[in-house]
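**Student:** Show me the folded form of this:
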Amino acid sequence: MSQVYGYSFAELIDRMNIVELKIIHSDTQEKRDAFNKEMQDILVELSQYMSDPKESKIIRAACVLAMSNISIWNSETMVREYADNLNPTDEEKIKLADQLLRTHKLNADRSAAKAQLQRLTGHRLDEKLNYVTGLWNIRY
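**Tutor:** Prediction:
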């Protein structure tokens with residue numbers, strides 16, 4: 001088995017999550033591209049543990065889905081906190097609007113992860129129309 005990292009299966013899954021977070025939080029396209037390259041190396045190595053090479057991509061899409069759900073949860077919690085304030089300041093209104101847009105974009109990423117899971121498993125696609133690009137620019 002040819003290995004770039006030489007990590008165990010569990011370490012590769014952990015590394016995949018860390019690199020996914022780096023992709024999500026990168027502030028430049030150059031950094032995202034470098035982390036996407038690292039992600040591809042991890043997927044190739046991870047697929048060596050699998051009977052079907054698609055399985056490593058399924059794990060990645062599931063990780064993205066989990067990360068988007070927790071991010072949406074956190075964003076919606078912040079929106080609810082602002083919404084509970086009956087007299088928000090202009091600054092709070094701007095933050096509320098920003099969080100609502102963030103949640104909408106995160107939902108686009110969430111839908112893309114679900115669509116990727118459906119494609120990889122050969123199931124029916126539930127395509128939703130998204131009028132915004134996802135927040136994280138995940139490349140599958």
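**Student:** Which element, helix or strand, includes the residue nearest to the spatial centre of the chain?
**Tutor:** Central residue of the chain (Cα atoms, centre = their mean): residue 64, 3.3 Å from the mean position. Following DSSP states H and E, the helix or strand that holds residue 64 is helix 54-83.
**Student:** how about the first helix or strand past that helix going along the chain: buried residues?
**Tutor:** Toward the C-terminus, helix 54-83 is succeeded by helix 90-121 as the next helix or strand (DSSP H and E). Neighbour-count burial for helix 90-121, with 16 or more other Cβ atoms under 10 Å as criterion, is recorded at 95-96, 99-100, 102-117, 120. No exception for glycine: its C-beta is placed from N, CA and C like everyone else's.
**Student:** list the helices and strands the helix holding residue 64 packs on?
**Tutor:** Counting contacts by 3 or more Cβ pairs under 8 Å, 6 or more residues apart in numbering; DSSP states H and E, helix 54-83 packs against helix 9-25, helix 29-47, helix 90-121.
**Student:** how about the residue nearest to the centre of the chain, what does it touch?
**Tutor:** Residue 64 makes contact with 20, 109, 112-113, 116, 136, 138 under the criterion Cβ atoms under 8 Å, 6 or more residues apart in numbering.
**Student:** sorry, back to before: what angle sits between the helix holding residue 64 and helix 9-25?
**Tutor:** Orientation check (axes from the mean of the first three to the mean of the last three Cα atoms, to 10 degrees): helix 54-83 against helix 9-25 gives 50 degrees.
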